[in-house]
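Engineer: model the following, please.
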Amino acid sequence: MLIRHDFDAVGNAFWAKGYGHEILYNEGCKNSYWEKGDPGSFVNEQELRQRLLQSIHDKERPVIALLKLTEDWGGSEWGIITGYDDFGDVITGWQPFQYMPEGKDRLQFEPNGYFRIKGWEKTTHAIVIVGDKGGVPPEEEVSKRVFEHALKYSQGSIKGPESMGFEAYDAWARAIGDESVANIDDKILVGKLGYHRSFIGHLAAQKWYSSDYLHNMKHKGWNVSDVLRASANYAKIHELMWDCWLVFGGYWRDMGEAPAKFRDEKARQKAVSIIREAKELDQDAVSHLGSALQNLSKTHQYYLSK
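Structural biologist: Next up, the predicted model:
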């Protein structure tokens, strides 16, 4: 859920590409993940609709939307609104999970694959209006912010029932290794297993794209070793998450045998071992990114002036 409401990351993405932007929250979809310090402003459904149609019609710019397409599957997801029909009663666009079978009764599709949906205002949590193109920040500034965010957000913290950063690995390992798992009701067990599998997916994706960015970014002579080692660690975590999926039967397989595997003490300890290895790799990666940040401003002159 945090990933779906990380509006600071939205702002950073627009900044990195040199675009202005405006975030509008739907007053009818307020939730506990929105905080007072979040960027943007709250509007009612009518204004949300008006601003979305205005961007597409007047400026011919798509709108990024945090939209729940179906009532029966998952939560709101980021997507792109590309157009509208019936004076705005219908919007068209693309979202990663639009072809889930749960949406067949609510969604229709254009020949090019875009979804069509009515009554969209009530399930659109927020929209991002794309602003004008400005100056793109120097690549070194973008890299610096990436390193700073890695150091800031990776540190462990606990807020109520939520464990963030490195603390999340510990909470995860405790939950999987808990001996009571072997004796709980099947329905609860399947719920826990589903959360476990989903968490793996989010972590695998995050670390893969972190690795990919670090590998392909512009390197300097005095940070390349640290950056590539961090990239390799994140790539390894991605691989480990597939191994962790496999312990209880993988992700896309039939769930019928998964509960029995989840109850097996040896299997759960194997998963715990993988989680702990991933944490160590993550900590080491962040350490290297801290070193890369310190060396980011170094040039030949640094060594000539000493």
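
Engineer: now do the SS call for the residue lying closest to Ile129 once chain neighbours are set aside.
Structural biologist: Closest residue to Ile129 apart from its sequence neighbours, by CB to CB, 6 or more residues apart in numbering: Glu22 at 4.3 Å. No exception for glycine: its C-beta is placed from N, CA and C like everyone else's. Look at Glu22: counting by DSSP: H, G, I helix; E, B strand; the rest coil, its state is strand.

Engineer: list the contacts for Glu22?
Structural biologist: Glu22 makes contacts with 40, 128-129, 131, as judged by CB atoms under 8 Å, 6 or more residues apart in numbering.

Engineer: of these, which is the most crowded?
Structural biologist: Greatest neighbour count in these, by other CB atoms under 10 Å, goes to Val128: 22 neighbours.

Engineer: report the separation between it and Leu24.
Structural biologist: With the distance defined as CB to CB, to the nearest Å, Val128 ends up 8 Å from Leu24.

Engineer: same question, Val146
Structural biologist: 27 Å.

Engineer: got it, and Ser305?
Structural biologist: Taking CB to CB, one finds Ser305 at 50 Å from Leu24.

Engineer: now Thr299
Structural biologist: 43 Å.

Engineer: so for those two, which residue has more residues nearby?
Structural biologist: Using other CB under 10 Å, the more surrounded residue of Thr299 and Leu24 is Leu24, with 20 against 11.

Engineer: surely that one is in contact with Glu45?
Structural biologist: No. Counting by CB atoms under 8 Å, Leu24 sits too far from Glu45 to count as a contact (10.9 Å).

Engineer: in the stretch 101-250 of the chain, where is pLDDT below threshold?
Structural biologist: Applying pLDDT under 70 to the stretch 101-250 of the chain picks out residues 101-105.

Engineer: all strands for it, in order.
Structural biologist: 108-109, 115-118, 124-133, 157-159, 162-164 (DSSP state E, counting those that start in this stretch).

Engineer: sheet partners, orientation included, of the third one?
Structural biologist: Take DSSP bridges as the rule and strand 124-133 pairs in its sheet with strand 19-26 (antiparallel), strand 63-67 (antiparallel).

Engineer: again, but for the shortest one
Structural biologist: Strands that pair with strand 108-109, judged by DSSP bridges, come out as strand 115-118 (antiparallel).

Engineer: if you count neighbours, what's buried in the strand it pairs with?
Structural biologist: Neighbour-count burial for strand 115-118 flags 115-117 (criterion: 16 or more other CB atoms under 10 Å).

Engineer: try stretch 186-198
Structural biologist: For stretch 186-198, the neighbour count (16+ other CB under 10 Å) marks 189, 192-193, 196-197 as buried.
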